[in-house]
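In: Kindly generate the corresponding structure for this input.
(one chain, ligands or ions: 1)
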Amino acid sequence: MAVGPATAGSGADREDSKDAQLETVRAHPAQDVVTTDQGVRIDDTDNSLRAGERGPTLLEDFQAREKLTHFDHERIPERVVHARGSAAYGYFECYEPLTELTCADFLSEAGLRTPVFVRFSTVQGPRGSADTVRDVRGFATKFYTREGNYDLVGNNMPVFFIQDAIKFPDFVHAVKPEPHNEMPTGGTAHDTFWDFCSLQPESTHMLMWAMSDRAIPRSLRMMQGFGVHTFRFVTAEGRGTFVKFHWRPKLGVASQVWDEAQLTAGKDPDFHRRDLWEAIESGSYPEWELGVQLVAEEDESRFDFDILDATKLIPEELVPVKVIGRMVLDRNPENFFAETEQAAFHTANIVPGIDFSNDPLLQGRNFSYLDTQLIRLGGPNFSQLPVNRPVADVHTNHRDGYGQQVIHRGVSYAPNSLSGNNPHQAGQERQPGVFKHYQQRVDGEAIRKRSESFSDHYSQATLFWNSMADWERQHIVDAFRFELGKVETAEIRERMVGNLTHVDAGLARQVAEGLGMELPEPGDDAPRRGDQASPAASPALSQDNLLPGDPSTRKVALLAADGVDVALVGDLVAQLRERGVTAEVVGLHGGALSGQSGEVSTIGVDKALPTTASVLYDAVLLGGGEQSVQAVGANTDARRFVAEAYRHGKPIGALGPGIGLLTDVTGVTGEVGADLNGEEPRSQQGLVIAASTEGGVDGFIEAFAAALSAHRFFGRESAS
Ligand code: HDE
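Out: Down below sits the predicted model:
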């Protein structure tokens, strides 16, 4: 327990300091007799104490009462938003001292590692909802620094739906399931959400992100993260610099497609949770780099948007992202409730060297998180829970409250003479390691008014649209059609499409066509600010420019059946695994496959077809020899597996007879199909083929790995 007498300067100095602290409270399975909560060893927890074998249970059965009572109280309220989440521990490593910008200790030394706990979440759905819904993802990081906990509570999108925190209850009431029937679970395709957004045009930029594939990530490991607000770095001398935080995944940014995401929600509602868990268990530790955009205080008004407005981003073309460190997640929690569920993040948990800006959304968040945690975690002592406890020492005069874990000795007021006036205040002078608020002049009328500089709700929505690749635009149009198509009230649909006319006429027209409605006249109430110093397009926003350089941890299903070519399949799997790819043999049945002469082979089935699905993989391989391919081709579920992968734009590799199966199942024609002839290994729109395997499969694997790195091939439709 870190709480105790003052020991100035002590605290964490190792990346595993948090783990060491947690070890002191871990309860390992005991090789002992079961006890009550009071430590009394007991004989039987299966039968309650009865008056006779068939008689009533006795009130004096304290064991049964204790067991049932504890169970009855197991649940706590789930988070009001971001209820569903998954988390992991790891460390942050600083690349270079940033002392010119901030006095934050964890950013002060190259190679310094600080333990972290990161929780990813969806926003709308309850704790038990599916992972792959269309939604924003939370990306909350707790840094257990030597100077106290710093929480960077961000999302996977750089902007937000509203500008002022006072609108948050309205927004959440609108996005949550409808009040009368508690539907839909986990999604935004319903009237109240679109009613609110259509009446609140400041949401338009964020809607563009939410309708893009960013809202259906392939993996939590393949998402960017953003602090969203403008924060401040503060130096030891008190000089401030505005800062925006960016997390960049080493694995690139990748998404599912909408049809796939919906199917995944049924096939594996825990898809993202499992993916994160398995990656860490297998030693493929997810990694992000932390970047910052820096704006000098005197440049605050240099842009044609307000940097205090959380519905705006700073285009990277205007202010480049400077990479300052990396984060690796390398340890799964051991108890979901104790760690992931009880974790409490708070935007106001900052450390010396970091401070707020006047962003009105951030200012409100700084109130809300502690407030909600007081009820969710049952009182004011939740920072003593193991996952939340800082590794820095804690000395306060706060006392008592539910669940107090500390036996405080001595007095609890200041000034005092009985404890030598301890814990004492550091005083007004600037001192290393002591938090001091950034000093800024604040002057103004008390006024409930949005700044004029927040009034442009469309320019950056247009910027986002302009920055998208064709396939991204198509997916955005499809998403609007889906979501608004589910809205029952015609006026809401019309109002929303009317707003979209201010973003882009073509977008609005396509959405209107899909909904079968007339294109509404654009209103004239869409102010755009300034001289448009921002670029017309920002390539940094397109997922096309955020692909990984290699295929590592991508998941490939090699469809195979009895009669398999053992040498070939063994070679394919081995070569893919060498490249860091997770290659799995998906067999028509479990166990092992037989070889070409019917012998029991060494090819074990990783997943039997009935237990898995195409949507759980990034790519498919066909071609384990003639017999195997024939059996796969005769199986309806296997054919569907391939067809779905094709439909979802995934790489499909086919060898020898597998090529016939590929063309047969997908019906691929035209330009793409034409290229599927010939002897040489070749790749066209993610369809990678090799007619012969006699000279080895190296060239084929190379092309297949390149296709995996490219993630998806949406040009297939247009090329066929
Ligand atoms: Fe949150 N948000 N939020 N939020 N938020 C919560 O805090 C809130 C906002 C974010 O894994 C709650 O402990 C207000 C923006 C994440 O435990 C609550 C406003 C961003 C998480 C709350 C916002 C976020 C939360 C619910 C408008 C991205 C999950 C439970 C001003 C920058 C943290 C809790 C975790 C959770 C309030 C807007 C991110 C109610 C008032 C913008 C990642 O306090």
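In: For the rest of this, base every contact and every neighbour count on C-alpha atoms.
Out: OK.
In: which residues sit against the helix or strand where Arg639 lies?
Out: In the assignment (DSSP states H and E), Arg639 maps to helix 636-647. When contacts are defined by CA atoms under 8 Å, 6 or more residues apart in numbering, helix 636-647 is touched by residues 559, 588, 609, 613-615, 618-620, 632-633, 651-652, 662, 665-666.
In: For the stretch 251-400 of the chain, just list every one of the strands.
Out: Taking DSSP state E, counting those that start in this stretch as the test, the strands found in the stretch 251-400 of the chain are 287-296, 322-331, 354-355.
In: Tell me the buried residues in the helix holding Arg639?
Out: Asp637, Ala638, Arg639, Arg640, Phe641, Val642, Ala643, Glu644, Ala645, Tyr646, Arg647 (16 or more other CA atoms under 10 Å).
In: re the thing from before, please produce CSV containing the strands of the stretch 251-400 of the chain, extended by mean pLDDT.
Out: What follows is the strands of the stretch 251-400 of the chain, written out as CSV (pLDDT from 0 to 100):
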stretch, mean pLDDT
strand 287-296, 98
strand 322-331, 98
strand 354-355, 98
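In: Give me whichever of these is most buried.
Out: strand 354-355 (a mean of 24; mean count of other CA atoms under 10 Å).
In: What is that one packed up against?
Out: Where contact means 3 or more CA pairs under 8 Å, 6 or more residues apart in numbering; DSSP states H and E, strand 354-355 is packed against strand 231-234.
In: ok, 10 Å please
Out: Applying 3 or more CA pairs under 10 Å, 6 or more residues apart in numbering; DSSP states H and E, one finds that strand 354-355 contacts strand 231-234, strand 240-249.
In: In CSV, please show the C-alpha coordinates belonging to stretch 248-262.
Out: Taking C-alpha atoms only, stretch 248-262 is exported to CSV below (Å, rounded to 0.1, in the frame of the first residue of the first chain):
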residue,chain,number,x,y,z
ARG,A,248,-0.7,5.5,-34.0
PRO,A,249,-0.9,1.7,-34.2
LYS,A,250,2.1,-0.2,-35.4
LEU,A,251,-0.2,-2.6,-37.2
GLY,A,252,-1.8,0.1,-39.3
VAL,A,253,-5.4,1.2,-39.2
ALA,A,254,-7.8,-1.4,-40.5
SER,A,255,-11.5,-2.0,-40.5
GLN,A,256,-14.1,-4.6,-41.2
VAL,A,257,-16.8,-3.9,-43.7
TRP,A,258,-20.3,-3.4,-42.5
ASP,A,259,-21.8,-6.7,-43.6
GLU,A,260,-18.9,-8.5,-42.0
ALA,A,261,-19.2,-6.6,-38.8
GLN,A,262,-22.8,-7.5,-38.5
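In: next one: that stretch to chain centre, how far?
Out: The chain centroid and the centroid of stretch 248-262 are separated by 11 Å, computed with CA atoms, centre = their mean, to the nearest Å.
In: Buried residues of it, list them for me.
Out: Residues of stretch 248-262 classed as buried: 248-258, 260-262 (neighbour count, 16+ other CA under 10 Å).
In: Among these, name the ones that also lie close to the ligand.
Out: Residues of the buried residues of stretch 248-262 in contact with the ligand (CA under 6 Å from any ligand atom): none.
In: would JSON lines of the residues you listed with pLDDT be doable?
Out: Formatted as JSON lines, the buried residues of stretch 248-262 follow (pLDDT from 0 to 100):
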{"residue": "Arg248", "pLDDT": "98"}
{"residue": "Pro249", "pLDDT": "98"}
{"residue": "Lys250", "pLDDT": "97"}
{"residue": "Leu251", "pLDDT": "97"}
{"residue": "Gly252", "pLDDT": "97"}
{"residue": "Val253", "pLDDT": "98"}
{"residue": "Ala254", "pLDDT": "97"}
{"residue": "Ser255", "pLDDT": "98"}
{"residue": "Gln256", "pLDDT": "98"}
{"residue": "Val257", "pLDDT": "98"}
{"residue": "Trp258", "pLDDT": "98"}
{"residue": "Glu260", "pLDDT": "98"}
{"residue": "Ala261", "pLDDT": "98"}
{"residue": "Gln262", "pLDDT": "98"}
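In: mind listing which of the residues you listed are in helices?
Out: Trp258, Glu260, Ala261, Gln262 (DSSP state H).
In: Around the residue nearest to Asn366 when sequence neighbours are not counted, how many other residues sit close by?
Out: Residue nearest to Asn366 in three dimensions, not counting chain neighbours: Ala348, with 5.0 Å by CA to CA, 6 or more residues apart in numbering. Neighbours of Ala348 under the rule other CA atoms under 10 Å: 20.
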